[in-house]
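**Student:** Got a predicted structure here, sequence first:
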Amino acid sequence: MNRLVARWIDKLSYAAWRRLVAHPAYSRMIVTQGTLASLRIRQMDRIGSLADVEFRVFSQFGEDGILEWLIHKNGEMPESFIEFGASNYVEANTRFLLTARNWRGLIFDGDPHSIDVVRSDMIYSQHDLAARHAFITRENVNQLFRSEGFCGEVGLLSIDIDGNDYWVWDAIDSVSPHIVVVEYNAVLGDQFELTIPYQPNFARTQAHWSNLYYGTSITALMRLAREKGYTLLGTNRAGNNAFFVRDDRLERFDDRIATRAPRPSRFREARDTSDHLIFTGGLDRARLIADCLVVDVASGRTASIESFGQLYSQPWLDMIRGQSLPGAERDTRTV
């Protein structure tokens, strides 16, 4: 009974928070604060790393600030974005772009209820936003974009589907975004170019009880980015989102970012077989999924995670243990 009560309270708390974020007065207030923060970071011509310009309004971590700085430095670009894996769009990488810059947007999520929530939000009538229910695969992604009138150059593409992120980005050829944000799974380390084997119906919560088996390593994303004509500019401080710029725009960022090295994460989101958080951290997280299969995209080899040996470089080990940080960084700003 206590567990049921706790879950009921959690749902009520989340619903109250969602209503607060969607309330016009509150939204105007935090967007105004975010706009002021944007003006401040735009004055920063050179930074130690992307973490220096983080702030969050609607993003999960500091992605709002990073994107504002990147867009400002990138200069003239299409005012359009695509985001998939947006859930109910209360917490998203592009909501601040929509509300503060009035960009045109397209979002997808695999949960029809989440899309219903978006369509009932006031922002859906105030902005040019298309919200569609679809389970994204590498087979359907390009057709879905084209069916909504998105093709050719776009300003931003944000990929966060907790699974086939590598395979879906690899398949996308209908749009050519200036900036791409892709979630990576830092538990897979930075030593090997690893991703989950492609399964069109992959679902993170069903793939493994730990909830840690999903996605791709940062090094696999970096390989794919090079093949598609993109370069890594860095990651967020939390160590879960990587930011890439198209190579023909790269000169706009030359000598502006001292350290582009990706970061590990310190998430403690592991669960037990009863779906309860167990707060496993550090290197122990990889041990929970040691027998799961991954593909090394460099060699094409499919094998268990444990068969690859040490997943983490020494700099990542040091950062996981709190012994060092890349570049000159400050605390993430919350507005």
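**Tutor:** Yes, it's here. Numbering: from 1, shown residues only.
**Student:** Endpoints of stretch 240-257, how far apart?
**Tutor:** End-to-end span of stretch 240-257 (CA to CA, to the nearest Å): 19 Å.
**Student:** In it, which residues are buried?
**Tutor:** Across stretch 240-257, burial judged by 16 or more other CB atoms under 10 Å covers 240-246, 249, 253, 257. Where you see a C-beta, it was placed from the backbone N, CA and C, and this is true even at glycine.
**Student:** hey, where'd the strands end up in the stretch 101-250 of the chain?
**Tutor:** For the stretch 101-250 of the chain, the strands defined by DSSP state E, counting those that start in this stretch occupy 104-109, 129-133, 152-159, 175-183, 194-195, 230-235, 241-246.
**Student:** export the first one as CSV, just CAs?
**Tutor:** What that stands for is strand 104-109. The C-alpha trace of strand 104-109 is given here as CSV (Å, rounded to 0.1, in the frame of the first residue of the first chain):
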residue,chain,number,x,y,z
ARG,A,104,8.9,26.6,-36.4
GLY,A,105,9.0,23.1,-34.9
LEU,A,106,8.2,19.5,-35.4
ILE,A,107,8.1,17.0,-32.5
PHE,A,108,7.4,13.3,-32.3
ASP,A,109,6.8,10.9,-29.4
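**Student:** Paired strands for it, with orientation please.
**Tutor:** Applying DSSP bridges, strand 104-109 is found paired with strand 80-84 (parallel), strand 129-133 (parallel).
**Student:** right, so the ones you listed: which one is the most enclosed?
**Tutor:** Ranked by mean neighbour count, the strands paired with strand 104-109 are led by strand 80-84 with a mean of 24 (mean count of other CB atoms under 10 Å).
**Student:** show me where pLDDT drops low in this protein?
**Tutor:** Applying pLDDT under 70 to the chain picks out residues 1-25, 325-335.
**Student:** before we move on, back to that, would you format the strands paired with strand 104-109 as JSON lines with distance to Thr94 included?
**Tutor:** Formatted as JSON lines, these follow (distance: least, CB to CB, whole Å):
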{"stretch": "strand 80-84", "distance to Thr94": "5"}
{"stretch": "strand 129-133", "distance to Thr94": "9"}
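**Student:** out of those strands, nearest to Val154?
**Tutor:** strand 80-84 (4.6 Å; CB to CB).
**Student:** contacts for the closest one?
**Tutor:** Identification of contacts with strand 80-84 by CB atoms under 8 Å, 6 or more residues apart in numbering yields 92-94, 97-98, 103-109, 134, 136, 145, 150, 154-161, 175, 177.
**Student:** Now with 6 Å, please.
**Tutor:** Strand 80-84 has contacts (CB atoms under 6 Å, 6 or more residues apart in numbering) with 93-94, 97, 103-108, 136, 150, 154-158.
**Student:** So which of the buried residues of stretch 240-257 is the closest to Tyr230?
**Tutor:** The shortest approach to Tyr230 among those belongs to Phe244, at 4.1 Å (CB to CB).
**Student:** State the distance from the closest one to Ile115.
**Tutor:** For Phe244, the distance to Ile115 equals 27 Å [CB to CB, to the nearest Å].
**Student:** And Asp64, by the same measure?
**Tutor:** 22 Å.
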